[in-house]
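Visitor: I need the structure of the sequence given here:
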Amino acid sequence: MPDRPVTVFGGTGFLGATLVRELVEAGRPVRLVARRPARPPWAEDTDPLELVAADIRHDDEVARALEGAGAVVNAVSLYVQTRRLSFEAIHVEGAGRLARLAREAGITRLVQISGIGADSGSPSAYVRARARGESAVLEALPKAIIVRPSVLFGPHDAFLGTLAKLTRLPAIPLFGHGETLLQPVHVVDVARALVHLTTGTAPRRRLFELGGGDVLRYREILELVMAQLHRDRPLVPVPFLAWRALALLASPLPSPPLTRDQVILMEHDNRVGEGVGTFADLGLTPRSLREGLPDSLPADG
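Guide: Down below sits the predicted model:
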């Protein structure tokens, strides 16, 4: 298996691209799979990096991308549905297809990236799809590993980048009173955990939840971001009912700035649960948001 490539579906996304780099730096052969793969600007000509174009919605393309793979990571993600791309097609059918074809190819090490809070009974279509995707993967490949990261942060991320933009407003609207608990995790820490899970000894646990070094209220995260950017803005509570109404009004837009699923996510705490594998099981210690903020969000960001 060391000479067979770790195949990363979604290898151009925020987590997938970080994982590809960590694997290459660890000296592992990597196959980057995406609908439109591109060689990363940091990659050297001598790096053991292969690019494959494949769409997780098509059996033949997925099967071709899996040929000769030693381990597989499904880091394909979709946060907002469009007319062409649905949660069902990507997170449920796509995940199940990848696991089924991996099994048929004789691949036993598959890591499915999901998310903390995945719940088939959630009112959020996104959260339901994540949970159903986990089930589809385990039905096809019972020994697959499920990894649920908390909200990811790091250089050029969507999470801190969005909060930084909010700090330019005269006042920052909060989801409710800003009391939702989050456990942001640095994307590099998650990628290093995935390197362990794909190239190390097979873990005893099959479900991992990966959160950062501290649990913070949403308002506390905003305060840290403002301090990092040397800005000071009042935080204004906004009822979730108002956010849901705004999401409804924005829903007809081609690229809505706010969705119902995003509001629902902010109504629930997002932190590591009990009885699951964590960084500690892999011998790793994740950095806290406070530790990772300076390199993730420069003071002039």
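
Visitor: which helices and strands sit right next to the helix or strand containing Val127?
Guide: Assigning secondary structure by DSSP states H and E places Val127 in helix 125-140. When contacts are defined as 3 or more Cβ pairs under 8 Å, 6 or more residues apart in numbering; DSSP states H and E, helix 125-140 packs onto helix 87, helix 95-104, strand 110-113, strand 145-149, helix 260-266. (Glycine included, C-beta is placed from N, CA and C.)

Visitor: Just the C-alphas of it, formatted as CSV.
Guide: Once non-C-alpha atoms are left out, helix 125-140 reads as follows in CSV (Å, rounded to 0.1, in the frame of the first residue of the first chain):
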residue,chain,number,x,y,z
ALA,A,125,-31.4,19.3,4.3
TYR,A,126,-27.6,19.6,4.4
VAL,A,127,-27.2,18.0,7.8
ARG,A,128,-29.7,15.2,6.8
ALA,A,129,-27.7,14.5,3.6
ARG,A,130,-24.5,14.3,5.5
ALA,A,131,-26.0,11.7,7.8
ARG,A,132,-27.5,9.7,5.0
GLY,A,133,-24.2,9.9,3.1
GLU,A,134,-22.5,8.2,6.1
SER,A,135,-25.1,5.5,6.1
ALA,A,136,-24.7,4.9,2.3
VAL,A,137,-20.9,4.6,2.7
LEU,A,138,-21.1,2.2,5.6
GLU,A,139,-23.7,0.1,3.9
ALA,A,140,-21.4,-0.4,0.9
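
Visitor: quick one: that helix to chain centroid distance?
Guide: Mean-position distance between helix 125-140 and its chain equals 15 Å (Cα atoms, centre = their mean, to the nearest Å).

Visitor: Contacts for that helix, please.
Guide: When contacts are defined by Cβ atoms under 8 Å, 6 or more residues apart in numbering, helix 125-140 is touched by residues 74, 79, 81, 87-88, 90-96, 98-100, 102-103, 110, 112, 114-115, 117-122, 144, 146, 261, 264-265.

Visitor: Which one of the helices and strands packed on helix 125-140 lies nearest to Leu241?
Guide: Set against Leu241 and scored by Cβ to Cβ, the helices and strands packed on helix 125-140 come closest in helix 260-266, at 9.8 Å.

Visitor: Pull the residues that contact the closest one.
Guide: The list of residues contacting helix 260-266 from outside it, by Cβ under 8 Å, 6+ apart, reads 79-80, 117, 122-127, 175-176, 180, 218, 240, 243-244, 247-248, 251.

Visitor: From these, which land in helices?
Guide: Restricting the contacts of helix 260-266 to those inside helices, with DSSP state H as the criterion, leaves Ala125, Tyr126, Val127, Tyr218, Phe240, Trp243, Arg244, Ala247, Leu248.

Visitor: State the distance from the second one to Ser77.
Guide: When Cβ to Cβ, to the nearest Å is the yardstick, Tyr126 and Ser77 sit 10 Å from each other.

Visitor: go on, the last one?
Guide: To Ser77, Leu248 is 24 Å away according to Cβ to Cβ.
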